[in-house]
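**Q** Fold the following and give me the result.
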Amino acid sequence: MGDLEEWLSKPAVRLSAVRDTAFGVVAVCELLIITWPTAPRVLTWLTGQSAEWWGAVGNWVGAVATTAAVVAALWIARRDGRVRVAERADRDKAQARLLVSVMANRGDFVTVKVENHSQAPLFDITLTNVEPALAWRYGPSTVQSPRQGILKAGEHFQRNIELLNGSGEPQRVPGGDYSFTFEFVDSAGLRWSRRDNDEPRRVLPVTTG
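**A** Numbers count the residues shown, from 1 in each chain. A predicted model of the protein is given here:
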């Protein structure tokens with residue numbers, strides 16, 4: 001397939017180019033229709049100008065072109081900077097997206113299972129929120145650690161969570177879905193927060209002035 005055939009095979013590109021060309025032709029035609037009656041007088045006036053006048057016009061046009069080039073370069077640099085920042089943020093999230101949590105059991109308590117689907121370990125994994133719940137705590141066994149110090153690639157762990165009523169007493173888990181938010185550190189040392197399997201969010205260190 002030739003270059004022209006390949007170009008024509010892309011409807012979006014073809015329609016956009018045809019549309020822009022048509023608008024350009026219409027604009028030029030409208031400009032000629034509006035200015036045509038004054039064209040002879042304008043040409044006569046221009047041919048009567050001195051070399052110094054034309055030199056000044058050249059300098060003015062050059063200054064405008066230089067300014068336009070600088071503005072365009074700054075706009076391109078700013079756009080490319082935003083693209084690079086977005087690409088880096090997306091790469092940073094690659095491992096964090098592979099921490100997966102699922103609700104594994106529901107009864108007197110709810111069990112959440114956390115899996116590491118990445119090829120590197122995750123660290124300091126801590127449950128920070130359960131929704132919807134007035135209050136919650138680890139249980140019913142008191143031997144469970146609030147955090148998982150390390151979760152190797154391909155491994156998983158579970159935590160039992162007791163939901164508490166307004167009086168702080170355990171209640172049987174009612175029907176419905178529950179969401180779990182975990183904070184953890186990836187293998188690059190970046191801390192993240194992830195609610196269920198939503199997009200991870202960076203957790204930045206708190207600085208005190």
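**Q** The one helix or strand Asn105 maps to: partners in the sheet, and parallel or antiparallel?
**A** With elements taken from DSSP states H and E, the one containing Asn105 is strand 99-106. Strand 99-106 sits in its sheet next to strand 110-116 (antiparallel), going by DSSP bridges.
**Q** rewinding a little: what's the strand holding Asn105 in contact with?
**A** With Cβ atoms under 8 Å, 6 or more residues apart in numbering as the contact definition, strand 99-106 has outside contacts at 110-118, 122, 125, 151, 158, 173, 175, 177-178, 180, 182, 184, 192, 194, 196-197, 200. The way it works is simple: take the backbone N, C-alpha and C, and place the C-beta from them, glycine included.
**Q** List the buried residues in it.
**A** Leu99, Ser101, Met103, Arg106 (16 or more other Cβ atoms under 10 Å).
**Q** rewinding a little: are any of the contacts of strand 99-106 buried, and which?
**A** Buried by 16+ other Cβ under 10 Å: 110, 112, 114-116, 118, 122, 125, 151, 173, 178, 180, 182, 184, 192, 194, 196, 200, out of these.
**Q** coming back round to it: any chance of the buried residues of strand 99-106 in CSV, plus pLDDT and distance to Asn129?
**A** Compiled in CSV, these are given as follows (pLDDT from 0 to 100; distance: Cβ to Cβ, whole Å):
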residue, pLDDT, distance to Asn129
Leu99, 91, 15
Ser101, 89, 12
Met103, 84, 14
Arg106, 74, 18
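**Q** Let's have those residues in a markdown table, adding distance to Gly62.
**A** Formatted as a markdown table, the buried residues of strand 99-106 follow (distance: Cβ to Cβ, whole Å):
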| residue | distance to Gly62 |
| --- | --- |
| Leu99 | 58 |
| Ser101 | 62 |
| Met103 | 68 |
| Arg106 | 74 |
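**Q** Which stretches in this structure count as strands?
**A** Assigned by DSSP state E, the chain shows strands spanning 99-106, 110-116, 122-131, 135-138, 147-151, 156-164, 170-171, 179-185, 191-195, 201-202.
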